[in-house]
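Asker: Generate coordinates for the sequence data below:
(one chain, ligands or ions: 2)
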Amino acid sequence: MLYVVVLGVPGAGKGTQAKRLSAALGLPHVSSGDLFREHIQNGTPLGIEAQRHIDRGQLVPDEATIGMVRGRLERPDAASGAILDGFPRTIPQADALEAIAKDFDATVGPAFHIRVPLERLVDRMAGRRVCREAGHVYHLAYNPPKQAGVCDVDGSELVQREDDQPETVRNRVQVYEKLTAPLVAFYRSRGVLQEVNGDQPMGAVTAEILAILGQEAAR
Ligand code: ADP
Ligand code: ADP
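Answerer: Ligands and ions are numbered 1, 2, ... in the order given. Next up, the predicted model:
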């Protein structure tokens, strides 16, 4: 069983690719950001704690994050693996994932690093819209809904995420550089890092990742 890791700056396309990989490989898409947003919507104690950090563009503390993701990976649908989007985001989280994998007899990797030039992110974040009901993701220019302002899947209203405001995005990118970028070297040293060009249409990025997975499977 496999934990496929998807890494990249905010807006690189992790969620977009993780969803497509989930469909292609039949493994659940596990997004720590989505899990936090669910807790926030449900008003749980974890949601209340997480929101304080998310609104400032800071990371939620490791302990709370690791406990939440471990709980998700214990669920039966993750018994043959998962596509991890946005977790791990720190070295202690990466260490914790190794421990979880050991407990569940899973392999960590490949870790796909989706690379996008920083100047592209402004555009990606400014145009991102999500639906109120379930967080389905669109882009005003690159992935517009059929009807402006309405989710194709569930008909709910499309809104901008609070933490996608430019000021918060700047913090998130700084936090990424400091705490998350070291994971690239972490996974490279374990021999499972795969660099992917994220600066191309969504389908081309998916094709690049699936080609790498095909090559790995053939080895
Ligand atoms: P993006 O897709 O733009 O990278 P996410 O939806 O993954 O953003 O995450 C939104 C916010 O949730 C992050 O800015 C952070 O505050 C929090 N978060 C998500 N994943 C983690 C994590 N693994 N560790 C700590 N905080 C996290
Ligand atoms: P992340 O999860 O890394 O924060 P998302 O998958 O949410 O990134 O993508 C950020 C925004 O950019 C979304 O509005 C998405 O529709 C759009 N997007 C994702 N991948 C691409 C791509 N390859 N080309 C253009 N826009 C993209």
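
Asker: And residue 36, how far from residue 18?
Answerer: Relative to residue 18, residue 36 is positioned 15 Å away (Cβ to Cβ, to the nearest Å). From N, CA and C alone the C-beta is placed, and that goes for glycine too.

Asker: quick one: which of these two has more around it?
Answerer: residue 18 (27 against 22; other Cβ atoms under 10 Å).

Asker: ok, now how distant is the more buried one from residue 49?
Answerer: 24 Å.

Asker: Ok, residue 97 next?
Answerer: 21 Å.

Asker: between those two, who's got more neighbours?
Answerer: Between residue 97 and residue 49, counted using other Cβ under 10 Å, residue 97 has the larger neighbour count: 21 against 16.

Asker: what's the neighbour count on the residue nearest to the more buried one when sequence neighbours are not counted?
Answerer: Closest residue in space to residue 97, ignoring its immediate chain neighbours: residue 88 at 5.3 Å, by Cβ to Cβ, 6 or more residues apart in numbering. Residue 88 has 27 neighbouring residues, counting by other Cβ under 10 Å.

Asker: I'd say residue 88 and residue 100 touch.
Answerer: No. With contacts counted by Cβ atoms under 8 Å, residue 88 stays clear of residue 100, the gap being 10.2 Å.

Asker: quick one, phi psi at the residue most central in space within the chain?
Answerer: Centroid check for the chain by Cα atoms, centre = their mean gives residue 85 as the closest residue, at 2.7 Å. Backbone torsions of residue 85, given as degrees, to the nearest 10, read phi -120, psi 110.
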